[in-house]
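1. Structure for the following, please:
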Amino acid sequence: MLHFHRLASLGAEVEGLDLRAPLDPAELEQLRAGLLAHQVLFFRDQPIGPAEHLALARAFGEPVPHPAYPHVDGFPEINILENTADKPPKIDTWHTDMTFLQEPPLGSILRCTVVPPVGGDTMWASLFGAWESLSGRMQRYLDGLTANHSFAHGFRHSLAEPGGWERLGEAVRRSPPVGHPIVRTHPESGRKALFVNRLFTTHINGLKESESDAVLSFLFDHLETPEHTCRFTWRPGSIAFWDNRATLHRPVNDFWPAHRRMERITIAGDRPR
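-> You can find the predicted model right below:
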């Protein structure tokens with residue numbers, strides 16, 4: 001029997017599981033239920049390798065590679081997110097992964113393979129909590145609106161670097177801006193979530209630019225309210241598995257110029273509705 005120890009308004013540490021072994025049907029069902037209940041699950045002391053990482057992800061769906069990051073040798077499904085003294089962090093913005101896709105991911109599984117000596121935490125926020133804490137009048141206004149999400153907007157700083165367009169231009173062409181509902185309904189729980197994020201969302205359709213900017217600015221600030229968040233400190237063998245349909249997250253880049261290396265698998269999702 002697995003045990004889920006709740007951390008804050010979202011997030012729970014999972015005990016009673018060795019991720020080096022395949023999940024049995026009961027364990028898989030408990031993890032599915034735990035992810036729905038807590039939105040992000042944390043595991044400690046799990047010395048898994050890439051093969052076990054991939055097997056865990058495939059228990060929940062098919063991996064989706066990310067066009068902007070390198071991958072682990074022999075495992076194209078596992079992206080490397082690495083920072084060194086010569087490679088500073090580029091993203092320190094709250095976001096939901098890959099919302100520039102027609103079908104954004106179900107979730108991501110992240111493990112830290114190089115832990116910095118100080119700092120380097122990751123934070124998550126609940127899209128459910130953000131929606132549910134809005135006034136009824138604001139909820140009625142937002143429900144039914146759509147907003148555009150853009151790969152080029154999210155990676156504009158990388159594109160502006162020397163060689164940026166040569167490296168990412170094909171990804172920009174394959175991922176034109178896409179519209180998603182501002183309020184999406186979770187396909188499994190039926191709960192409503194506020195589905196915009198500061199990194200990829202560019203504007204609200206049907207509003208003037210000044211109106212869209214003002215509403216999005218309010219929503220971004222509201223999503224990032226501390227009461228909607230939890231924070232996780234990485235240790236060797238730590239893993240985080242989050243529901244990308246219900247959360248946004250951000251790395252805390254207070255560790256640089258120390259070395260930090262993460263390996264992430266992103267799992268295919270569905271069209272937001």
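2. So R174 sits against F100, correct?
-> No - R174 is not in contact with F100 according to Cβ atoms under 8 Å; the separation is 10.0 Å. For glycine as for every other residue, the C-beta is placed from the backbone atoms N, C-alpha and C.
3. what about the two, which has more around it?
-> Using other Cβ atoms under 10 Å, the more surrounded residue of R174 and F100 is F100, with 26 against 11.
4. Which residues are in contact with the more buried one?
-> 149-151, 154, 175, 177-178, 200 (Cβ atoms under 8 Å, 6 or more residues apart in numbering).
5. Please flag which of these sit within strands.
-> 149, 178 (DSSP state E).
6. Helix, strand, or coil at I80?
-> At I80, secondary structure determined by DSSP: H, G, I helix; E, B strand; the rest coil is strand.
7. Pairing-wise in the sheet, spell out the partners of it.
-> On the basis of DSSP bridges, I80 is bridged to E263.
8. Can you verify my assumption that it contacts R261?
-> Yes - under the criterion of Cβ under 8 Å, I80 makes contact with R261 at 6.8 Å.
9. any idea how far G169 is from L159?
-> 8 Å (Cβ to Cβ, to the nearest Å).
10. quick one, strands of the stretch 151-273 of the chain?
-> 178-181, 183-185, 192-194, 201-204, 229-232, 239-243, 247-251, 260-267 (DSSP state E, counting those that start in this stretch).
11. Check which helices and strands the last one is in contact with.
-> Applying 3 or more Cβ pairs under 8 Å, 6 or more residues apart in numbering; DSSP states H and E, we find strand 260-267 packed against helix 50-58, strand 75-83, strand 107-114.
12. give me that answer again for 10 Å
-> Where contact means 3 or more Cβ pairs under 10 Å, 6 or more residues apart in numbering; DSSP states H and E, strand 260-267 is packed against helix 50-58, strand 71-72, strand 75-83, strand 107-114, strand 239-243.
13. circling back to that earlier point, just so I know, which of the strands of the stretch 151-273 of the chain lies nearest A12?
-> strand 229-232 (9.2 Å; Cβ to Cβ).
14. Now the residue of the chain positioned farthest from its centre: phi and psi?
-> Here the chain reaches farthest from its C-alpha mean at K208, the gap being 29.0 Å by Cα atoms, centre = their mean. Per-residue torsions, K208: phi -60, psi 160 (degrees, to the nearest 10).
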